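Asks: requesting a structural model of the entry that follows:
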Amino acid sequence: MKKILGLFLFCVLTASAHAQQMSAGSQVLVSGRADIKVVNDQAVISFYAEEVDKDKTLAATRVNQKMKAGIEFIKREYKEIELSTRNYHSSQVYEEVASKNANGMPTVKQQANGWRVGQYLDLKTRDLKNLPAMASYLQKTLALNNVRFELSDEANKRVEAERIVTGYKNLNERIAMIAQAMGRHSSDFVIDSVDFEGGEIDRSPNRAYGRVVTVSASNVRSDKIVEPDFEPGMSMVSIRVDAKLRVK
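Replies: Numbering: from 1, shown residues only. A predicted model of the protein is given here:
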């Protein structure tokens, strides 16, 4: 600890001595930063339907029926939800069949045994209150693929001013600390330029996945799916403010 403190004091004294030698017009680059936590208010949830059958037409028909039922339910019950379909796919299913080669030796070959057909349905909604009930209902016919929580455009706009003000405040605080470490005053520096283009949204911590609430099997009918419990979590909205200072 004493060594670290001594090194810090040495750096401060060295910077202070260097600052005294800085001539007018010398430039100093400083960056400020702000990190603001905001509660996620929007969910992007993905469902899919998949069927396997020896008859490709039958597999595709069942997938189409499930997707149609899900889409009609959403449009009827939830008017504000954005939805889109994607990745309609079909591929052959193979099985391993034992056989013998020309020399009579046992071998295994792949043989077509049917078709796998599927499609994805993506939903975007800010109605987080009714999200568990909606997901539970759709899971009667569709499989839940994943859930991602994020900030809506409206939430980003609301926090924009706070993000900029907080970032600029931090920049001025750092300028004052640097000036003090260099044995100068903040008034000894002139800001030539400021760049606010370092803004970003860190989406890594805002992933919140649903967990199923444990309910006694005796209290649940066989045709009823327990509602999942979703936790929206928070997003970190950040900004970096870069400034170019000039010594008076």
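Asks: and the helix or strand that contains residue 99, which strands flank it?
Replies: For residue 99, the host element (DSSP states H and E) is strand 82-100. Using DSSP bridges, strand 82-100 pairs in its sheet with strand 106-125 (antiparallel).
Asks: now could you export just the CA positions of the strand it pairs with as PDB?
Replies: Only the C-alpha atoms of strand 106-125 are listed here, as PDB (Å, rounded to 0.1, in the frame of the first residue of the first chain):
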ATOM      1  CA  PRO A 106     -22.100 -54.900 -42.100                       C
ATOM      2  CA  THR A 107     -22.500 -51.200 -42.600                       C
ATOM      3  CA  VAL A 108     -24.800 -48.400 -41.800                       C
ATOM      4  CA  LYS A 109     -26.400 -46.000 -44.300                       C
ATOM      5  CA  GLN A 110     -28.600 -42.900 -44.000                       C
ATOM      6  CA  GLN A 111     -32.100 -43.300 -45.400                       C
ATOM      7  CA  ALA A 112     -34.700 -40.600 -45.800                       C
ATOM      8  CA  ASN A 113     -37.500 -41.200 -43.300                       C
ATOM      9  CA  GLY A 114     -39.700 -38.100 -43.500                       C
ATOM     10  CA  TRP A 115     -39.800 -34.300 -43.400                       C
ATOM     11  CA  ARG A 116     -39.200 -31.700 -40.700                       C
ATOM     12  CA  VAL A 117     -41.100 -28.400 -41.300                       C
ATOM     13  CA  GLY A 118     -41.000 -25.300 -39.100                       C
ATOM     14  CA  GLN A 119     -41.500 -21.600 -38.800                       C
ATOM     15  CA  TYR A 120     -40.700 -18.800 -36.300                       C
ATOM     16  CA  LEU A 121     -43.000 -16.000 -35.000                       C
ATOM     17  CA  ASP A 122     -41.400 -12.900 -33.400                       C
ATOM     18  CA  LEU A 123     -43.400 -10.500 -31.200                       C
ATOM     19  CA  LYS A 124     -42.400  -7.100 -29.800                       C
ATOM     20  CA  THR A 125     -44.500  -5.600 -27.000                       C
END
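Asks: remind me what the helix or strand that comes right after it packs against, helices and strands.
Replies: Sequence order places helix 131-138 as the next helix or strand after strand 106-125, per DSSP H and E. Under the contact definition 3 or more CB pairs under 8 Å, 6 or more residues apart in numbering; DSSP states H and E, helix 131-138 sits against strand 42-53, helix 56-77, strand 143-150, strand 228-229. C-beta here means a position set from N, CA and C on the backbone, and glycine is covered the same way.
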